[in-house]
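Colleague: Predicted model, plus sequence, below.
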Protein chains: 2
Amino acid sequence: MKLRDLGEFNFINRISKAIKLSSHVVKGIGDDAAVLKYTKDKYLLFTTDILLEGKHFYKGSSAGLVGKKALSSNISDIVAMGGIPKFAVISIGLPGSMNLKYADELYKGIRKVADKFSVDLVGGDTVGSNKIIINIALIGEVEIKNLALRSKAKKEDAIFVTGDIGGSIKLKHLNFTPRLKEARYLVKNFKINSMIDVSDGLLADLAHILEESDKGAVIYEKTIPVSNDAIDFNSAMRDGEDFELIFTLPKKQADRLEDIWPFETRLSRIGRICSGRKGFYLIRKNGKSEKIKSAGFTHF
Amino acid sequence: MKLRDLGEFNFINRISKAIKLSSHVVKGIGDDAAVLKYTKDKYLLFTTDILLEGKHFYKGSSAGLVGKKALSSNISDIVAMGGIPKFAVISIGLPGSMNLKYADELYKGIRKVADKFSVDLVGGDTVGSNKIIINIALIGEVEIKNLALRSKAKKEDAIFVTGDIGGSIKLKHLNFTPRLKEARYLVKNFKINSMIDVSDGLLADLAHILEESDKGAVIYEKTIPVSNDAIDFNSAMRDGEDFELIFTLPKKQADRLEDIWPFETRLSRIGRICSGRKGFYLIRKNGKSEKIKSAGFTHF
């Protein structure tokens, strides 16, 4: 059997099942970041993301934006846990024939994001490579009481998404700002039952929450904030790398949140969580109900 | 200017100089692992290593050994700081056309090392890629009093190396055991002033200690443990990826260490640290002294 026949998510499940973890690990594979015991009040968070030329960006992509994306996508994972990014190590593969100027711009892109989010760039590995490869691993931390997992969505929770969805391939997938201030506001002021960032596409990422929480959901087409860059509604639902947040919280808290949301970032209430038996449904603008067979970007 | 004209170490220096670090960082780029403030008694250690097919291993390399190397090389970095490895995240790029069996063997190789060294595999990233790419990032910890840096070698320190040097390309670069128990014994029972693992070659890695410590050294050809796998003495001195430890400690402690070294692992006292003005010399078997212009494996 080939990897491509098994598929990415099945492969990850397969790996994940074979791994035994110690009691120092609160959450291993299967969320945006790993959760590790740390101090009395805090957990450590640990995540990694790899970007490949020809896959996540192209030879013509601005070096500064490639660097920006490499760190920002990791920060977005820490943010989706309710945490704060702290320390990063950077592995980089670059062709020896590359102009120093391009390499400098790439690191400058990383550095600008690091400065903005107070991330310390503390180490790395450098290697010659035909194609550009960037892997960043990021340590963050979160107060134990503020941790947001994928697996704790509750029946009757309202489902929200930040920003606009879809069409990120036009530019946003390279040039986005992780929703740190929004997420920190949410976990500090509300009971956020579950949260994830949109990397595989809105439907696929909401499906991750549902699967991990063993729940179903109903979402409404008319409430979903489709980006002007998206081709259409259906593709927007499956486009990846929006790096927006999907989160759920109890209905009463949701009403209060809508009243007092203090940011310019758009906030959309797109549906509600229901019991796992009910499945995952999209209510179309014409009122028709459509069962979602989870679908998003897959990497093999 | 091209990257290859600047060279790997100059490039890393260039990046490193542009980075400003917060007071949470005890040591950033420039040692085997970053050192971060953690608890009252301990530091966190943080390192990363990237392995590329065609560079660090080949299509024909045993999948299990490739996995073993990927984690072991990271553990070796933590070990060289005097620390204990704890938590790893794994980014992996694999062709969709790859046989599931190869991928399974690769992960099994990683898992066996993780089990042996009690490392928790807590997360990762998976991506389709024409060539195999493995990046592991590893968190470790070390008691503050046991931290071993590259930068604290003292005048008159004795210089030691574990195991044999050179010819690792034959097999050892894939199939080695990080010197965890030896390093922990050293830092717990002796005043280890400096330590590094041999990844760029004995001369180059000792030169890293000398540069970071602003010291010189004299080493003796006749005392250096050249592997039977090495082509000759000169190449052994420049071969990389031995993953042995080079360390220095005060002369008196060195005498005691030689008396009581409890491991089967060979231990060789190869020379001594001298003042920075004196430079770095190799004394040949015929008694002639040769100035070392640092040289080892470079990655562009």
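Modeller: Arrived safely, thanks for sending. Residues are numbered from 1 along each chain as shown, chains lettered A, B, ... in the order given.
Colleague: C-alpha from now on. contacts and neighbour counts both.
Modeller: OK.
Colleague: mind listing what A:Lys291 touches?
Modeller: A:Gly279, A:Phe280, A:Tyr281, A:Leu282 (C-alpha atoms under 8 Å, 6 or more residues apart in numbering or on different chains).
Colleague: Please repeat the previous calculation with a cut-off of 10 Å.
Modeller: Residues counted as contacts of A:Lys291 (C-alpha atoms under 10 Å, 6 or more residues apart in numbering or on different chains) are A:Val218, A:Lys278, A:Gly279, A:Phe280, A:Tyr281, A:Leu282, A:Ile283.
Colleague: A:Cys274 now?
Modeller: A:153-158, A:210, A:214-218, A:280.
Colleague: ok, which pair from these is furthest apart?
Modeller: Distance extremes for the contacts of A:Cys274: the farthest pair is A:Ala158 and A:Asp214 at 15.8 Å, using C-alpha to C-alpha.
Colleague: Tell me which of the two has more neighbours.
Modeller: When neighbours are counted by other C-alpha atoms under 10 Å in any protein chain shown, A:Ala158 comes out ahead of the other of A:Ala158 and A:Asp214, with 26 against 19.
Colleague: Give me the three-state assignment for the closest residue to the more buried one other than its chain neighbours.
Modeller: Taking C-alpha to C-alpha, 6 or more residues apart in numbering or on different chains as the measure, A:Ala158 lies nearest to A:Arg272, with 4.4 Å between them; neighbours along the chain are not counted. With DSSP: H, G, I helix; E, B strand; the rest coil as the basis, the three-state label of A:Arg272 is strand.
Colleague: tell me the domain ranges of chain A?
Modeller: Domain segmentation of chain A under automatic domain parsing yields A:3-145, A:149-291.
Colleague: B:Ser227 is nearest to which of the ones you listed?
Modeller: It is, among the domains of chain A and with distance given as C-alpha to C-alpha, domain A:3-145, at 26.2 Å.
Colleague: what helices or strands is the helix or strand hosting A:Lys112 leaning on?
Modeller: The secondary structure element spanning A:Lys112 is helix A:100-116 (assigned by DSSP states H and E). Applying 3 or more C-alpha pairs under 10 Å, 6 or more residues apart in numbering or on different chains; DSSP states H and E, one finds that helix A:100-116 contacts helix A:63-79, strand A:84-94, strand A:120-128, helix B:3-6, helix B:8-18.
Colleague: So for chain A, the centremost residue is which one?
Modeller: For chain A, the residue nearest the mean C-alpha position is A:Asp197 (2.7 Å; C-alpha atoms, centre = their mean).
Colleague: lowest-pLDDT helix or strand in chain A?
Modeller: Within chain A, confidence by mean pLDDT, DSSP states H and E is lowest for helix A:8-18 among all helices and strands, at a mean of 86.
Colleague: Run through who's touching it.
Modeller: By C-alpha under 10 Å, 6+ apart, the list of residues contacting helix A:8-18 from outside reads A:3-6, A:28-30, A:297-300, B:96, B:100, B:103-104, B:107-108, B:111, B:121-128.
Colleague: Of those, select the buried ones using a PyMOL command.
Modeller: Once 16 or more other C-alpha atoms under 10 Å in any protein chain shown is used to decide burial, the buried members of the contacts of helix A:8-18 can be selected in PyMOL as follows:
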select buried, (chain A and resi 3+4+28+29+30+299+300) or (chain B and resi 96+100+103+104+107+108+111+121+122+123+124+125+126+127+128)
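Colleague: low-confidence ranges in chain A?
Modeller: Across chain A, the stretches falling below the confidence threshold (pLDDT under 70) are A:294-300.
Colleague: need the helices for it, in chain order.
Modeller: In order along the chain, chain A carries the following helices (DSSP state H): A:3-6, A:8-18, A:63-79, A:100-116, A:180-189, A:202-213, A:233-238, A:251-260.
Colleague: Buried deepest among those, which one?
Modeller: For those, the stretch with the most neighbours on average is helix A:63-79, a mean of 27; neighbours defined as mean count of other C-alpha atoms under 10 Å in any protein chain shown.
Colleague: wouldn't A:Leu106 be in contact with A:Ala63 here?
Modeller: Yes. Checked against C-alpha atoms under 10 Å, the pair A:Leu106 and A:Ala63 is within contact range at 4.6 Å.
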